[in-house]
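Student: no sequence on this one, just coordinates:
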C-alpha cells in the first residue's frame, strides 16, 4: 500500500519526484518508472504540460471588468444563488454570514471574494507517474480528453452507445498521445455497465491503462468517496490527504443553482483536498442572457458562489474557475459551437478568473457536427484557438468531442491531438539565439538561391517545423495514388495502428490487486442499476 | 466616359461618395446606386470592411523587434537585394544613393526607411460602387478571395483546369458574399483564354460582374497598362490619376530578388498612383531560413527594398507590407499550411509592418488539403485566426483556396465565407450598453429558470448570435433524415443556389460598351499565345 511516504502539500513537484515511485513502485524505483514512461509514452515523445511563453489575449478593459464585477456583486446579493436540498451547505453559508432564505443564499458584498482568498492560484495535480504530474494555474495549460458522451462513433463509422471497451480504448489513446497531458474523466459513458457501478471501472481504467493524472466521479457523493478511496490505494493514504491527485467537474445548474448531487461531490472532494472545477454549463440564450457581458456576469456570480463554497468546506482546497460557454441557435434552440460570441465569453471569463486569482478552465475542441468533417474542424479550431489565447489552464474536451458532446469520436480524437500538438508548439518562446536569428544562413544562401541544403537548414532539420500526424501535404497525384483519403480516413488508420501497438504502463501488482479487490467488494455490495 | 469629376486624392471617402456614381452612372444617381447595391449585394446584407475593435495580438517584444530591424539593415547593406534585368530600376537606386553592383543593390543604412516615409499608412481603394470602397491600413481588415490557382474543383467534384466561366462564377459568388469586401484578382487562371489576352477578360469580369474593388494584372507591364486603361474607362481618367482604384500583387522572388516582370508591373502601377502589395513569397526552409526570426529578417529586408522602390517611382503611391508565410515539410519538401511557425511569422511581420507605418497583408484560409475536408478546415481556421489577430489589413486568399493554392474550390469558397463572417463578428466591440449588461434579464429569469422566452432574449432575437450558413446544428436524427450531409455537401448546394439567383450589379451601358470595345481592339492587336 505504501502509505508510509508523508508528503508536504506545498513541496514542489520536482522535489517530490524522487520520493515517490507510484504505479511502478516496489522493485521499480523512480528512475525506472521514468524510463518506462519515456519509452511507453506513446508513438511520439510525451510532451510536458504547456507553459505559455506569451501573455493571454484580452478583450475587456479595466472599466468593463470592474463593471461586470460590480454587477456580479449585485446578482450575488440581491438575486442570490440556490444551493438546493443540502442542509449542510446552507448551514455553512449561514454560519459564514450569508443571508439564507429557503434554498436561496444571498451573499453580502465581499463575502465570496474574501472566502476565495484561501484558494490557491496554482496547484500540482499528481499523477502516479511523477513525470506526468501537472501544474494547473498561472501560465500553464493542460489538455484533457472529451468528457461525458453516451455515444461513440467507432472505427467502423458506426454511431452507437458507448461501452467499457470504448472507454478503455479512449484512455489508451489518450495515454499514447504526446499532446494530451491528462487522462480526463468520463471519456465516454460505458453504458454497458450498471450506472451505479461504472464509476469504479472508469476510475480503474484511468489508473491502470494510463499513468497520466485523471478525474473523479461526481454523479453521487458515494461515487466520489469511492474515487478517493481508490486514489488512496494507488497513491497512499497520507499522500492523498496532503496532495491533490484527482480533479473533478462540479457543474452549476445554470442559471444560479447548484444541486444536491454536485454539492455532495464538491463537499467530498474539497474535504479530501482534491480539486473542484466549478463550471457554469452555459448555452447562452437558454441558461444565460444572450449577450456576452450578461453571460459573464452570471458566470462570475455562479463561480464565485460555488468556488467560495469549496473554501467554506476546506480552506485551501484547489478550485478552478470553470466555464462551458456556448450559444443556442435562435432559430431552432440547438446548441452551436465555434461561433464568435462564446469565444468572447471565454476570453472575458479568463480575464475575470485571473483577477479572482483562480486557475481557469474553458473551451476545448467543440463542435455540433455529426461527423469529423470540415464543420467539425472549423468549429473545433475556432474554439481551441480562443481557448489557448485566452490563457486557459485546464482544457477539458480537448480531443474527441463530436455532435455537441453526445458522441466521442475515435477519428476526431486523432485529428484533435494533432491540433493540440500544434497549439503547444505555438505557445513556445520564439528562438532569439544566434541559431534563431539565422544571419549565417542568410549570408550563406544569398539572393536567388535556396535554403534547402544549407548548413543551417541541415542543423535544424529535425525540429524546425511541427510535423502533422494527420495532414496530407503530398502532391495531388500521390494523394490520388494513395486512395484519395480524407483527413478522417487517415485518422481512422492511425487510431487502429495505435490501439494495436498499445502497451500498458507498469503498475505494482499489489496495488493493482488491491484496486481490483476494492472494486469487486463495492460491486458485490450493491444491486445493478441502469437508471 | 465621365472624366469630368476631379477628385482630391486626400478627400475622405465619405465626402466623395455623393460626387460619383460610377458603374450606375448617368440616369442613375448615387442614391439609386446605393439602393441597387443594397438589394443586389447577395443573399445576405453586404458587410462593410472590418474596423477591428481590439488591439492586435503580438508575439515579439521591443528588444526582439529592434534586433530583427538591425539585422535587416545588415542584410540590406552587406548582402543587398537584386533588381534583375531592369536598368531603369537600377538607375533609380543609384540616383537615390544606393551602391549598385550589377543587378545587386546595397542599401546604405536608413535609405529604405527614409524613402518609405512618403508611403501612406492607410489609403482608400475606390470601388465603382462607392459603398464598396475600402480603407486599407490602421485597424481595418479587408477580405479578398483566393488568387492564382490554375485548377478548380467544380460543383460536380471534378478537379480540372479552370476556365473563364469558372472565373466569372467565382467573381459572382464573391460579389454575393456579404463577408467578402473585395473582388480580388486572379480568382482562378482562365486557362481556356490565351495567356496574353486573359487579363482583359479577368479585369472585365471584376468590373462587370461585381461592384467591389479589385486587383490588376501583374504578369507583364503591358497587361498592367491595360488594367489602368480599363480603370480609366470605368472610373474616369482624372479620377484614376488622383485616386487608388486597383491594388496589385508584386511578389518578391525570394530570397532577395525582384524580377523584371514584377518590377515592370510595380513601376506601371506606382506611376499611376495605384497600390502595390510587395510580398515575399516564402516557404520557410526553401525560400527563407527555417527559423521564425531568420524568416522575418529576410522578409523585412525584401519588403523594405521593394516598397521603397515604389516610392522612388512615385512618392506617396500606396504600398503594402506583404508576406505569404508558410513552411515546407522537412521530410518531403512539400508546402504545409496552418502549422504553428507560419502563424508566428505572420504575427511578427504584422508588428514589423506597423513599426514601418505600412498597411499589412498576410494569411488567408490556406490549406494543403486536396478536398474540403477536416484538414482543409483545421488549416484554414488556424491561418485565418492568426491572420485576424495579427491585425492584417488586406487578406488575400480569404476564401476558396485548396491544395496549396493549385485549386480554387467552389465548396471551400462557400465554407470560408461563413468563417469570414464569424471573424468579422469577432472583431466587433463588446456591447457594454444597458442592453449588453442584461441585468434586467438576470433579474427577470432568476435561479432555476431559463432565458428562452424572456423579454431581453426576444428583444435581441435577430442579432444576438452569428448564424452560420454552413453548420448543421440539428439533432442527429434530423441530420440523418436530411441525408447525412457533410459541410462540403451543404456548401455545394449553397453555391449552386447562389449562382442560380445571381443578378449583375447595374453598369452604365456606355461604359460597358467602351470597355468591351477596348478589349476587342486589344485582342485584335495580338496573336494568341498559350505559354
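Tutor: Received, thanks. This structure is a prediction, so every number in the text was calculated from the model and none was measured. Numbers count the residues shown, from 1 in each chain, chains lettered A, B, ... in the order given.

Student: CA atoms for contacts and neighbours, from now on please.
Tutor: Will do.

Student: Relative to chain B, which residue of the stretch 301-450 of chain A is the closest?
Tutor: residue A:374 (4.1 Å; C-alpha to the nearest C-alpha).

Student: OK, contacts around that residue?
Tutor: Contacts for residue A:374 were tallied using C-alpha atoms under 8 Å, 6 or more residues apart in numbering or on different chains; they are B:372-378, B:486-488.

Student: what's the pLDDT at it?
Tutor: Listed pLDDT for residue A:374 reads 98.

Student: Over to residue A:245?
Tutor: The model's pLDDT for residue A:245 equals 98.

Student: for residue A:17, same thing?
Tutor: 32.

Student: same deal with residue A:462?
Tutor: Looking at residue A:462, its pLDDT reads 86.

Student: Leaving out sequence neighbours, find the closest residue to it.
Tutor: residue B:330 (7.8 Å; C-alpha to C-alpha, 6 or more residues apart in numbering or on different chains).

Student: How many neighbouring residues does that neighbour have?
Tutor: Here the number of neighbours of residue B:330 (other C-alpha atoms under 10 Å in any protein chain shown) works out to 23.

Student: quick one, what contacts it?
Tutor: Contacts of residue B:330 by C-alpha under 8 Å, 6+ apart are A:461-462, A:465, B:285.

Student: Can you convert these into a markdown table and add a column each for neighbour count and distance to residue B:146?
Tutor: Putting these into a markdown table (neighbours: other C-alpha atoms under 10 Å in any protein chain shown; distance: C-alpha to C-alpha, whole Å) gives the following:
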| residue | neighbour count | distance to residue B:146 |
| --- | --- | --- |
| A:461 | 17 | 31 |
| A:462 | 12 | 32 |
| A:465 | 24 | 25 |
| B:285 | 29 | 24 |
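
Student: what about the helices in the stretch 251-400 of chain A?
Tutor: Using DSSP state H, counting those that start in this stretch, the helices of the stretch 251-400 of chain A run over residues A:260-271, A:292-313, A:340-356, A:374-390.

Student: mean confidence score for stretch A:338-355?
Tutor: 98.

Student: quick check, distance from it to the centre of its chain.
Tutor: 17 Å (C-alpha atoms, centre = their mean, to the nearest Å).

Student: which parts of that stretch are buried?
Tutor: Neighbour-count burial for stretch A:338-355, counted by 16 or more other C-alpha atoms under 10 Å in any protein chain shown, picks out A:338-354.

Student: and chain B, which of these reach it?
Tutor: A:339-341, A:344 (C-alpha under 8 Å from any C-alpha of the partner chain).

Student: Tell me the one among the residues you listed nearest to residue A:273.
Tutor: residue A:344 (32.5 Å; C-alpha to C-alpha).

Student: Need the phi and psi values for the residue nearest to residue A:462.
Tutor: phi -70, psi -10 (degrees, to the nearest 10).

Student: coming back round to it: want to try JSON lines for the helices of the stretch 251-400 of chain A, with distance to residue B:151 as columns?
Tutor: Converted to JSON lines, the helices of the stretch 251-400 of chain A look like this (distance: least, C-alpha to C-alpha, whole Å):
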{"stretch": "helix A:260-271", "distance to residue B:151": "57"}
{"stretch": "helix A:292-313", "distance to residue B:151": "43"}
{"stretch": "helix A:340-356", "distance to residue B:151": "33"}
{"stretch": "helix A:374-390", "distance to residue B:151": "21"}
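
Student: I'd like to know which of those helices lies nearest to residue A:435.
Tutor: Taking the helices of the stretch 251-400 of chain A one by one with C-alpha to C-alpha, helix A:374-390 is closest: 27.1 Å.

Student: Could you give the separation of the strand or helix carrying residue A:203 from the chain centroid?
Tutor: Using DSSP states H and E, residue A:203 sits in helix A:198-209. For helix A:198-209, the separation from the chain centroid amounts to 17 Å (computed by C-alpha atoms, centre = their mean).

Student: quick one, longest strand in chain A?
Tutor: Counting residues, the longest strand in chain A under DSSP state E turns out to be strand A:275-284.

Student: avg pLDDT for that strand?
Tutor: 96.

Student: And the residue of the stretch 101-250 of chain A that's closest to chain B?
Tutor: Closest point on the stretch 101-250 of chain A to chain B, by C-alpha to the nearest C-alpha, is residue A:104, at 8.7 Å.

Student: Now the phi/psi pair for the nearest residue to that residue once chain neighbours are set aside, please.
Tutor: Nearest non-adjacent residue to residue A:104, counting by C-alpha to C-alpha, 6+ apart: residue A:82, 4.3 Å away. For residue A:82, the backbone dihedrals (degrees, to the nearest 10) come out as phi -90, psi 130.

Student: Residue A:82 contacts residue B:449, correct?
Tutor: No. At 11.6 Å, residue A:82 does not count as touching residue B:449 under the criterion of C-alpha atoms under 8 Å.

Student: Looking at those two, which one has more neighbours?
Tutor: The neighbour comparison of residue A:82 against residue B:449 (other C-alpha under 10 Å) goes to residue A:82, with 26 against 16.

Student: if I pick the more buried one, what's in contact with it?
Tutor: A:103-105, A:256-258, B:447.
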